[in-house]
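Asks: got a structure for you, letters missing:
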């Protein structure tokens, strides 16, 4: 091999490296993200959670938008149009074209009821002639309101109780946990039924019945996280500098357990929807003419063999909402966990 003669290399072959070039090479190409931005980036990679979030947004928008724009009045009764099958314009499929089998023959129920041309009931009507789609939107809205309010109250009570118990520790924590054990020993359904027997059935009574024991799980999770974090170095440093326990809980502990709280709240919303539907289904929920997914299921299952559309619509809606909330909660749990691989 020939040796390279450095002395014979011309000077123009050398290039001076400036300080700016060195700094440019050491720059981090990826953008700096905080915890919430990084969690959102992780969540967007979960297709199931993103699709669930979009579906829930659409359902919520339709349900609450029907307050101002609704196909028909959900409480208006019309005896002339009772038990009409679904009819969607432009679709000729049996079951969605306004026809039904009567005596072995398929007849046009809309023509028999003398429904004006251009008037459609996309999901049919019930036994009182009320539009099923309008009632479904109303029922979904009421179920979501009950679930969101109950989840918010569970969040507020559970977080305050759990933080106080975890931060105090000692005898105070011991007494507060024994109270939780007593409350959790009573079945939720028994508490709800007793509460609904004391109060008049309605929106507020259902919410109160749900929050009697609904906050216990949140309180236990928050307490466990507070006990784990309060021994960290930055919390001990804040204590050494003279910060009060309330400020430490709000400034240091609460922001660090916000991910766990959000995930638990997302899991509690479908549970609240299910309990409301169950209570309304057994007749302890909302009173007519107010509709919810539970009351619609209660009305639909009685005539399921003859008018299946009255039960299929609320059942599918309830199932979609429950599945979407659970998938979104799973996605949030993975997104808020920094140990998860991208």
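Replies: Structure's in. What do you need? Values in this document were obtained by computation on a predicted structure and should not be read as measured data.
Asks: switch to C-alpha atoms for all contacts and neighbour counts from now on
Replies: Noted.
Asks: residue 132 against residue 312, yeah?
Replies: No. In this structure, residue 132 is not within contact of residue 312 by Cα atoms under 8 Å, at 11.1 Å.
Asks: who's more crowded, those two?
Replies: residue 132 (27 against 17; other Cα atoms under 10 Å).
Asks: how near is the more buried one to residue 174?
Replies: Distance, residue 132 to residue 174, by Cα to Cα, to the nearest Å: 52 Å.
Asks: before we move on, what about residue 219?
Replies: Residue 219 sits 14 Å away from residue 174, going by Cα to Cα.
Asks: contact partners for residue 253?
Replies: Counting by Cα atoms under 8 Å, 6 or more residues apart in numbering, residue 253 touches 226, 229, 230.
Asks: so which of these belong to helices?
Replies: Those of the contacts of residue 253 mapping onto helices are 226, 229, per DSSP state H.
Asks: save the contacts of residue 253 as JSON lines, and put in pLDDT and neighbour count too.
Replies: Shown next, in JSON lines, are those (pLDDT from 0 to 100; neighbours: other Cα atoms under 10 Å):
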{"residue": "226", "pLDDT": "86", "neighbour count": "22"}
{"residue": "229", "pLDDT": "84", "neighbour count": "21"}
{"residue": "230", "pLDDT": "81", "neighbour count": "19"}
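Asks: can you pull out the low-pLDDT segments for the stretch 1-150 of the chain?
Replies: Scanning the stretch 1-150 of the chain for pLDDT under 70 picks out 1-9, 11-36.
Asks: ok, residue 70 - contacts?
Replies: Residue 70 sits next to residue 134 when contact means Cα under 8 Å, 6+ apart.
Asks: let me fix that, I meant to ask about residue 113.
Replies: Residues near residue 113 by Cα under 8 Å, 6+ apart: 80, 81.
Asks: same question for residue 139.
Replies: Residues in contact with residue 139 (Cα under 8 Å, 6+ apart) are 290, 291, 292, 293, 295, 296.
Asks: and those, which are buried?
Replies: With neighbours counted by 16 or more other Cα atoms under 10 Å, the contacts of residue 139 contain buried members at 290, 291, 292, 293, 295, 296.
Asks: can you tell me the SS state at the second one?
Replies: Which is residue 291. When classified by DSSP: H, G, I helix; E, B strand; the rest coil, residue 291 comes out as coil.
Asks: what confidence value was assigned to it?
Replies: pLDDT recorded at residue 291 is 82.
Asks: that one is in contact with residue 137, isn't it?
Replies: No. If you go by Cα under 8 Å, residue 291 and residue 137 don't touch, sitting 9.0 Å apart.
Asks: report the contact partners of residue 84.
Replies: Applying Cα under 8 Å, 6+ apart, the residues near residue 84 are 98, 109, 110, 121, 124, 125, 126, 129.
Asks: in three-state terms, how would it be classified?
Replies: Here residue 84 is recorded as coil under three-state DSSP.
Asks: same question for the helix or strand containing residue 254, mean pLDDT?
Replies: Using DSSP states H and E, residue 254 maps to helix 254-256. Computed over helix 254-256, the mean pLDDT rounds to 80.
Asks: what do you get for stretch 232-245?
Replies: For stretch 232-245, the mean confidence score works out to 81.
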